[in-house]
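Asker: need coordinates for the below:
(chains A and B)
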Amino acid sequence: AQTVTQSQPEMSVQEAETVTLSCTYDTSENNYYLFWYKQPPSRQMILVIRQEAYKQQNATENRFSVNFQKAAKSFSLKISDSQLGDTAMYFCAFMKHANYGGSQGNLIFGKGTKLSVKP
Amino acid sequence: ETGVTQTPRHLVMGMTNKKSLKCEQHLGHNAMYWYKQSAKKPLELMFVYNFKEQTENNSVPSRFSPECPNSSHLFLHLHTLQPEDSALYLCASSPSGSNHNEQFFGPGTRLTVL
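Answerer: Numbering: from 1, shown residues only, chains lettered A, B, ... in the order given. From the prediction side, this is the model:
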């Protein structure tokens, strides 16, 4: 069974600084997807960034980038130029690649990291 | 209304009550999900529906009963719940038939069982 571990329950960062959130996972699969989701206080969870395991290049989305280390099963999220609106819970998630003709895997989440951006 | 909506947003119920949670998606997706989010625990997948058919029941107690009358609506019927069932219940939807589908989440229903 796959597991996702986020070892930092809480983190804080000063506005405009850079912060990195850690995520490790355990799987015997070779093809899979990794995601970072953001859940702001009292607001809906939204996708921040996703990575396909067969791609060596790290995904980037504006101020958000990942450091994907497949051999180490590590998938960290870097937030550059942090903004007050980045304050949220951040969840790392894993999804197994669907086999040919089969259904896709379901999302498996970590416990989350609560990020506070301070002015 | 756009995206994924859930009603009610807050619900307080006694252990002998029967209530239902509703989820509606306006995204044209064919897969819908129920998750349970408890404090300090990972999101727990409860049920998955693809094209109105249940494809996943993650060992959920029978006091939770899902219903998916069409691809846009998903219900979670609740009866004889326990206090430990108090949590945020999230609904999500995604397209079917391809990989790495982003799941779109609703705002959740905050459930308190007394």
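Asker: point out the residues in chain B that sit beside chain A.
Answerer: B:3-4, B:33, B:40-43, B:45, B:48, B:50, B:55-56, B:90, B:98-103, B:105-108 (CB under 8 Å from any CB of the partner chain). Backbone N, C-alpha and C define where each C-beta goes, glycine included.
Asker: select only the buried ones of the residues you listed in ChimeraX?
Answerer: Filtering the residues of chain B next to chain A down to the buried ones (16 or more other CB atoms under 10 Å in any protein chain shown) takes a single ChimeraX command:
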select /B:4,33,42,43,45,48,50,90,100,101,102,103,105,106,107,108
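Asker: and B:Arg110, what helix or strand is that in?
Answerer: Taking DSSP states H and E as the definition, B:Arg110 sits inside strand B:109-113.
Asker: parallel or antiparallel, list what pairs with that strand.
Answerer: strand B:10-13 (parallel), strand B:87-94 (antiparallel) (DSSP bridges).
Asker: give the buried residues for the first one.
Answerer: Neighbour-count burial for strand B:10-13, counted by 16+ other CB under 10 Å, picks out B:11, B:13.
Asker: so how far is it from its chain's centroid?
Answerer: 15 Å (CA atoms, centre = their mean, to the nearest Å).
Asker: next secondary structure after it?
Answerer: The helix or strand immediately downstream of strand B:10-13 is strand B:18-25, counting by DSSP H and E.
Asker: chain center to the next helix or strand after that following strand: distance?
Answerer: With elements assigned by DSSP H and E, the helix or strand that comes after strand B:18-25 is strand B:31-37. Centroid separation for strand B:31-37 versus its chain: 4 Å, with CA atoms, centre = their mean.
Asker: for stretch A:23-37, same thing?
Answerer: That offset, for stretch A:23-37, works out to 10 Å (CA atoms, centre = their mean).
Asker: now name the helix or strand holding the residue nearest the centre of chain A.
Answerer: With distances taken as CA atoms, centre = their mean, A:Trp36 lies nearest the centre of chain A, 2.8 Å away. Assigned by DSSP H and E, A:Trp36 falls within strand A:32-39.
Asker: residues in contact with that strand?
Answerer: A:2, A:21, A:23, A:25, A:45-53, A:64, A:66, A:68, A:75, A:77, A:86, A:88-97, A:105, A:107, A:109, A:112, B:99-100, B:102, B:105 (CB atoms under 8 Å, 6 or more residues apart in numbering or on different chains).
Asker: of those residues, buried ones?
Answerer: Here, 16+ other CB under 10 Å leaves A:21, A:23, A:25, A:45, A:48-53, A:64, A:66, A:68, A:75, A:77, A:86, A:88-97, A:105, A:107, A:109, A:112, B:100, B:102, B:105 buried among those.
Asker: could you dump the strand holding A:Trp36 to PDB, C-alpha only?
Answerer: Only the C-alpha atoms of strand A:32-39 are listed here, as PDB (Å, rounded to 0.1, in the frame of the first residue of the first chain):
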ATOM      1  CA  TYR A  32       2.400   7.500 -10.700                       C
ATOM      2  CA  TYR A  33       1.500  11.100 -10.100                       C
ATOM      3  CA  LEU A  34       2.300  13.400  -7.300                       C
ATOM      4  CA  PHE A  35       0.300  16.500  -6.300                       C
ATOM      5  CA  TRP A  36       0.400  19.400  -3.900                       C
ATOM      6  CA  TYR A  37      -3.000  20.700  -2.800                       C
ATOM      7  CA  LYS A  38      -3.700  23.900  -0.900                       C
ATOM      8  CA  GLN A  39      -6.500  24.400   1.600                       C
END
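Asker: cool, thanks, talk later.
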